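**Q** Next input, structure requested:
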Amino acid sequence: MRRLGVTACLIACIALIVCIATISPAQTVKSRAEFEVASVKPLDIQEKGQNLSFVGNGDKPFQIAGNRVAIRGTLKSLIMAAYDVWTYQVSGEPEWADSVIYTVTAKTEGETAPTQDQARPMLQALLADRFQLKLHHEGREMPVYHLVAAKKNIGLKQAGPNETFSWKLSQAEGNMLRSKATKEPIGDFVKLVGVSADRPVLNKLDLKGDIDYDILIYTQDAKNNDDLNRAILDAVKDQLGLKLEPARDSVDVLVVDTAEKASEN
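**A** Alright, predicted model coming up:
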């Protein structure tokens, strides 16, 4: 039973770290960055420190079906989804903002389905209206890792112009999981490597644009999340020729100035 739990946890962890969800080509939607209709309902449960917007969604926080959009999470996780930032980039929120869970269901104007990126400013507008959210950007120096090349010939390849995004996680021989991706944005890959690290990861690689890679992750000795994170980072280091260098650097942080609980509506 323990092995099954670790495998399931690894798949969820890998999906966050090495899988960037497909974003469909931009489609025409109404120019106003607001939902036409939206409902915000607090749930009768609390979860301290849970980023429910992202769990199991492979970096797709919004559930989109036609012009219907839904998202669930604490105010902090909703801010993260709306502004495409991570937990360490949100500061100053009230205590309840990281415990009270809300479900947001909305409809956009017209019949065309919005993309994930098009839904973000709509959620920003909703947070300002329903939660009276006001915030500002602030650069803060903090401990980070710089992701750099450890070898001259690293195992990341520039994606070809005619490739399309794909990602597959599969079982391989010898207690291995194989993670293979094509046309993944390098910036997203670097950001998500930070999920397995104990501090933010900043891109210091020369590669730009989209990348391809193919790695094997050894799982036999993984008994907990820390073991899984080490196995993933070992694969990034040994097979992609990358390393994490401890450093201090400026990170963009969203500082919450005001926020109020949204009543059910």
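**Q** which ones are touching residue 124?
**A** Residue 124 is in contact with 33, 82-83, counting by C-beta atoms under 8 Å, 6 or more residues apart in numbering. Using the backbone N, CA and C atoms, a C-beta is placed for each residue, glycine as well.
**Q** And the helices in the stretch 51-200 of the chain?
**A** In the stretch 51-200 of the chain, the segments counted as helices under DSSP state H, counting those that start in this stretch are 75-83, 116-130, 186-193.
**Q** between these, which gets nearest to residue 65?
**A** Across these, residue 65 has its closest neighbour in helix 116-130 (12.2 Å, C-beta to C-beta).
**Q** Surely residue 196 and residue 229 touch.
**A** Yes. At 4.0 Å, residue 196 counts as touching residue 229 under the criterion of C-beta atoms under 8 Å.
**Q** The two: which is more packed in?
**A** Set side by side, residue 196 and residue 229 show more neighbours around residue 196, with 24 against 18, by other C-beta atoms under 10 Å.
**Q** Quick check: beta-bridge partners of the closest residue to residue 244 other than its chain neighbours?
**A** Take residue 244 and drop its neighbours on the chain: the residue closest to it by C-beta to C-beta, 6 or more residues apart in numbering is residue 145, 3.9 Å away. As for beta bridges, residue 145 partners with residue 201, residue 246 under DSSP bridges.
**Q** and what of residue 72?
**A** As for beta bridges, residue 72 partners with residue 103 under DSSP bridges.
**Q** thinking it is in contact with residue 103, fair?
**A** Yes. Residue 72 is in contact with residue 103 according to C-beta under 8 Å; the separation is 4.8 Å.
**Q** Those two: which has the busier surroundings?
**A** Using other C-beta under 10 Å as the criterion, residue 72 and residue 103 rank with residue 72 on top: 19 against 15.
**Q** And that one, how far from residue 107?
**A** 16 Å (C-beta to C-beta, to the nearest Å).
**Q** tell me the domain ranges of the protein?
**A** Using automatic domain parsing, the domains assigned to the chain come out as 2-21+141-250, 37-134+253-258.
**Q** okay if I get those as JSON lines plus mean pLDDT?
**A** Below are these laid out as JSON lines (pLDDT from 0 to 100):
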{"stretch": "domain 2-21+141-250", "mean pLDDT": "80"}
{"stretch": "domain 37-134+253-258", "mean pLDDT": "85"}
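**Q** tally of neighbours for residue 90?
**A** 21.
**Q** Show me what it is bridged to.
**A** residue 254.
**Q** Use 47 as the first number for this chain going forward.
**A** OK, 47 is where the count begins now, so the last one is residue 136.
**Q** which residues touch it?
**A** Applying C-beta under 8 Å, 6+ apart, we find residue 136 in contact with 122, 125-126, 299-300, 302.
**Q** repeat for residue 82
**A** Residue 82 neighbours (C-beta under 8 Å, 6+ apart): 152-155.
**Q** Return the members of the residues you listed classed as buried.
**A** Buried members of those, scored by 16 or more other C-beta atoms under 10 Å, are 152, 154-155.
**Q** Just give me the closest of those residues to residue 173.
**A** Once C-beta to C-beta is applied, the member of these that ends up nearest residue 173 is residue 152, at 12.0 Å.
**Q** so the closest one touches residue 173, yeah?
**A** No. If you go by C-beta under 8 Å, residue 152 and residue 173 don't touch, sitting 12.0 Å apart.
**Q** Just give me the neighbour total for residue 188.
**A** 12.
**Q** oh, I was asking about residue 224
**A** Residue 224, neighbours per other C-beta under 10 Å, totals 14.
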